[in-house]
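**Q** Quick check, what structure comes out for this input:
(chains A and B)
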Protein chains: 2
Amino acid sequence: MNAPATSFRRASVAAVSGLIADCLVAAGISREDAAAVAGLMTEADLTGADGHGVFRLPQYVRRLRAGGFNKAPAITVARTAPASALVDGDNAFGHLVVKRAAETAIDIARDTGVAWVGVRRSNHAGSAGLYAEMPVQHGMVGIYAAVASANHMAVWGGKELLLGTNPLAIAVPTGAGPMVLDMATTIVSYGTVKKYALQGLPLPEGWLIDRDTGEPITDPKRSGEGLLLPIGGYKGSGLSLMLGVLAGILNGAAFGRDCVDFNADDTAETNTGQLVIAVDIARFVPLDRFVAEVDRHIADLRATARLPGVDAIRLPGDRRRDCRVERRQAGIPLPPALIAQLDALAGELGVTLLFER
Amino acid sequence: MNAPATSFRRASVAAVSGLIADCLVAAGISREDAAAVAGLMTEADLTGADGHGVFRLPQYVRRLRAGGFNKAPAITVARTAPASALVDGDNAFGHLVVKRAAETAIDIARDTGVAWVGVRRSNHAGSAGLYAEMPVQHGMVGIYAAVASANHMAVWGGKELLLGTNPLAIAVPTGAGPMVLDMATTIVSYGTVKKYALQGLPLPEGWLIDRDTGEPITDPKRSGEGLLLPIGGYKGSGLSLMLGVLAGILNGAAFGRDCVDFNADDTAETNTGQLVIAVDIARFVPLDRFVAEVDRHIADLRATARLPGVDAIRLPGDRRRDCRVERRQAGIPLPPALIAQLDALAGELGVTLLFER
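**A** Numbering: from 1, shown residues only, chains lettered A, B, ... in the order given. This is a model prediction of the structure:
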């Protein structure tokens, strides 16, 4: 769980969500769309995915104003086969597009047992786990993958930024709520590197290498010169490539050198690709038996003998579940620099400040 | 590519395949089933997956004789929904069961765009890449995952052998044949550790840790005391867990503490779980456009500027493609100890020796 610095202030879920929605409306999107995006961004903050929550609001508003997002999109769903669909996001907010894809996958899988829904012409959609989790509420397995919105990795052995951290999320129901694996194909996300750099902390070896020499970069000031390292060396590189092919090329979306760096460019259409798979568990094994068996094995894994120095076994999704409970009650912790940014943004847009809500 | 030791002898594809089939028939399975298994095992050898080829024959014959495999299985396919099926392997050879699952997935996906076929009551099926590759011949993406046939990993932080190397394979068509990612969720397979141990080579740090202390094991003589390490630390542990849930628990197959160690136990039914997904590419983007785009990006990745000391960029499946070409022509290289084992086996079963074929 996050241990926020003491200088952090806590904002209530309602305040964060309200600020996001009001800012997005002020920047030109519909109240309905703004509410949907605000809900998902706040959920990212609640579940500890701080880099995908309100932290992103200034960038999103900048992009809305610059014309990089379609403010009044017509998202369309083509049902391309009984168990497949292709969603054209019409350059909307990625959250709106992927939410639509997940809903479509759930609807289809109810009839066909399994659904694979591809997405093109989307944008950055935030926390991967949110979308994998959606089918779980319907007794389904959820899987999500995406082409990341900037390339921070090279192909294994290369030095050019041609691959992204392309995330994979898999979620299944358990008796204690969804178990969610949400992983980048790199050792750490670029957001984590930026967090270390902002705080001036040295980077552990194994995260980042120098783009020219291949030597480790540990000096946080040099993080901009680096390549993120994939998990398992060539394996993570291969997995990132394959997820990029499935979420990008298969959908007619951008991949490799065609990817737009969403953080650096506020106007170009990114043509981001994503995919959502839903699997209706009851078509394989009764849902209650599945949950009971998963729970039995989870209990066994948690009770396993531990290596020296390990205080507890943590399973995928434990942190997001703990964070959600704690933050729903205590509020979402925000660093002073972010609060200042949000206050400036609210002032500019003429909406109520976060801590006056 | 493998550089076999000079003491290795080369056997032709026909000789290897013929030996496998004859031994399996002599051990009691039908000529048709034996031919199918021999074809897949030889393909594993051809593509460089040496630990899944003729190397496994003595163990498989031992298991057949001990009653651990069903020699005359009735593999059944339940079509559980329009896009899903569940294959009951009736404790057959895993190769036969997963081949049937892949054929089923291809058939279903032709109609529904996507198919997810689960497998229960199967066994060790050898090389993961073979099954992911099958849908590719039909213009489809193939995905395969399995619960490994022995636990060589602990959950992250634990010290008990409760997780397997649970592999994931993803294959897509390219202009030069399938691009196949075939990866264990551990840094290396247990087979690689055994190969180092056999040759007395020190194990690189990062592969294996001591089950009690968590310290690296580099002494090959101590490999039996170790835990394999997952790729990306807790990420690979989480991925192995999730693949185990999807390939095992979802299908009513074994997982975790219920897994039978297939290498140590020749009689107990393993109830191995696997899954095959097929995705009909043309339901998303025209197949020729998909292949052209994948080829364009592959060319771009291969031509990228390289880090110092890197002689070429290798992409998923390059080694298997090169191996297949070289070995089809020059034969499959086999170490002397394996040849001696195979000769003894052939003598026992009264079939023609490998190098008399």
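**Q** For the helix or strand containing residue A:289, give the mean pLDDT please.
**A** Element membership of residue A:289 [criterion: DSSP states H and E] is helix A:287-302. In this model, helix A:287-302 carries a mean pLDDT of 98.
**Q** Please name the residues that touch residue A:249.
**A** Residues counted as contacts of residue A:249 (CB atoms under 8 Å, 6 or more residues apart in numbering or on different chains) are A:255, A:273, B:285, B:290, B:293, B:294, B:297. Using the backbone N, CA and C atoms, a C-beta is placed for each residue, glycine as well.
**Q** What about residue A:145? Give its phi and psi, please.
**A** Note on residue A:145: its backbone torsions stand at phi -140, psi 160 [degrees, to the nearest 10].
**Q** and the lengthiest helix in chain A, what does it pack onto?
**A** Longest helix in chain A by number of residues, with DSSP state H as the criterion: helix A:94-112. For helix A:94-112, the helices and strands in contact under the criterion 3 or more CB pairs under 8 Å, 6 or more residues apart in numbering or on different chains; DSSP states H and E are helix A:31-46, strand A:76-81, strand A:84-88, strand A:114-122, helix A:128-133, strand A:140-146, strand A:272-280.
**Q** Distance from that helix to the middle of the chain?
**A** Taking the mean C-alpha point of helix A:94-112 and that of its whole chain, the gap between them comes to 17 Å (CA atoms, centre = their mean, to the nearest Å).
**Q** Over to stretch A:31-45?
**A** On the basis of CA atoms, centre = their mean, the separation between the geometric centre of stretch A:31-45 and that of its chain is 13 Å.
**Q** which residues are contacting that stretch?
**A** Looking at stretch A:31-45 with CB under 8 Å, 6+ apart, the contacting residues turn out to be A:13, A:16-18, A:20-22, A:24-25, A:29, A:50, A:52-57, A:60, A:92-93, A:95-96, A:99, A:126-127, A:130, A:327, A:332.
**Q** Buried residues in stretch A:225-239, which are they?
**A** Residues of stretch A:225-239 classed as buried by neighbour count (16 or more other CB atoms under 10 Å in any protein chain shown): A:226-232, A:234-239.
**Q** Filtering those by proximity to chain B, which remain?
**A** A:231, A:232, A:234, A:235, A:236, A:238, A:239 (CB under 8 Å from any CB of the partner chain).
**Q** The third one reaches residue B:314, doesn't it?
**A** Yes - the criterion here is CB atoms under 8 Å, and residue A:234 meets it with residue B:314 at 7.1 Å.
**Q** Out of the contacts of residue A:249, give me the one that has the most neighbours.
**A** residue A:273 (29 neighbours; other CB atoms under 10 Å in any protein chain shown).
**Q** Looks like residue A:47 contacts residue A:126 (just checking).
**A** No - Residue A:47 is beyond contact range of residue A:126, at 10.7 Å (criterion: CB under 8 Å).
**Q** got the residue ranges for the helices in the stretch 101-250 of chain A?
**A** Counting by DSSP state H, counting those that start in this stretch, one finds helices in the stretch 101-250 of chain A at the ranges A:128-133, A:190-199, A:234-247.
**Q** State the distance from the most centrally placed residue in chain A to residue A:50.
**A** Note on chain A: the residue nearest the mean C-alpha position is residue A:127, at 2.0 Å, using CA atoms, centre = their mean. Between residue A:127 and residue A:50 the distance, using CB to CB, to the nearest Å, works out to 10 Å.
**Q** Let's see whichever helix or strand comes after the helix holding residue A:289 as PDB, backbone CA atoms only.
**A** Towards the C-terminus, the helix or strand next in line after helix A:287-302, according to DSSP H and E, is helix A:318-330. As requested, C-alpha coordinates have been extracted for helix A:318-330 and formatted as PDB (Å, rounded to 0.1, in the frame of the first residue of the first chain):
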ATOM      1  CA  ASP A 318      -4.200  -7.200  -3.100                       C
ATOM      2  CA  ARG A 319      -2.800  -3.700  -3.200                       C
ATOM      3  CA  ARG A 320      -5.700  -2.300  -5.200                       C
ATOM      4  CA  ARG A 321      -8.300  -3.900  -2.900                       C
ATOM      5  CA  ASP A 322      -6.500  -2.500   0.200                       C
ATOM      6  CA  CYS A 323      -6.100   0.900  -1.300                       C
ATOM      7  CA  ARG A 324      -9.700   1.000  -2.300                       C
ATOM      8  CA  VAL A 325     -10.900   0.300   1.200                       C
ATOM      9  CA  GLU A 326      -8.500   2.700   2.800                       C
ATOM     10  CA  ARG A 327      -8.900   5.600   0.300                       C
ATOM     11  CA  ARG A 328     -12.700   5.400   0.100                       C
ATOM     12  CA  GLN A 329     -12.700   6.100   3.800                       C
ATOM     13  CA  ALA A 330      -9.700   8.400   4.300                       C
END
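**Q** Could you list the residues in contact with helix A:318-330?
**A** With CB under 8 Å, 6+ apart as the test, helix A:318-330 has contacts from A:1-2, A:10, A:13, A:45-49, A:129, A:176-177, A:180, A:182, A:333.
**Q** Could you chop chain A up by domain?
**A** Per automatic domain parsing, the structural domains of chain A span A:1-66+A:317-357, A:73-186+A:230-303.
**Q** mind listing what's buried in stretch A:252-269?
**A** For stretch A:252-269, a neighbour-count test (16+ other CB under 10 Å) marks A:252, A:253, A:254, A:255, A:256, A:258, A:259, A:260, A:262, A:266, A:269 as buried.
**Q** and it, what's its mean pLDDT?
**A** If you average the pLDDT values across stretch A:252-269, you get 95.
**Q** So is stretch A:297-317 next to chain B?
**A** Yes - with CB under 8 Å from any CB as the criterion, chain B is reached by stretch A:297-317 at A:297, A:300-301, A:304-310, A:312-316.
**Q** Please report how far the nearest residue to residue A:63 once chain neighbours are set aside lies from chain B.
**A** Once its chain neighbours are removed from consideration, residue A:63 has its nearest residue in residue A:266; the separation is 4.6 Å (CB to CB, 6 or more residues apart in numbering or on different chains). Plainly put, residue A:266 is 26 Å away from chain B if you go by CB to the nearest CB, to the nearest Å.
**Q** Could you do residue A:92 as well?
**A** Distance of residue A:92 to chain B, given as CB to the nearest CB: 20 Å.
**Q** That residue is in contact with residue A:124, isn't it?
**A** No - with contacts counted by CB under 8 Å, residue A:92 stays clear of residue A:124, the gap being 11.3 Å.
**Q** Might you quantify the distance of the worst-scoring helix or strand of chain A on mean pLDDT from its chain's geometric centre?
**A** Averaged element by element with mean pLDDT, DSSP states H and E, chain A has its least confident helix or strand at helix A:190-199 (a mean of 82). For helix A:190-199, the separation from the chain centroid amounts to 17 Å (computed by CA atoms, centre = their mean).
**Q** Then stretch A:210-225?
**A** A distance of 25 Å separates the C-alpha centroid of stretch A:210-225 from that of its chain, computed with CA atoms, centre = their mean.
**Q** list the contacts for the closest residue to residue A:203 other than its chain neighbours?
**A** Here the nearest residue to residue A:203 in space, its sequence neighbours aside, is residue A:218; by CB to CB, 6+ apart that works out to 5.0 Å. Taking CB under 8 Å, 6+ apart as the contact definition, residue A:218 lies against A:202, A:203, A:204, A:205.
**Q** Show the buried residues in the residues you listed.
**A** With neighbours counted by 16+ other CB under 10 Å, the contacts of residue A:218 contain buried members at residue A:203.
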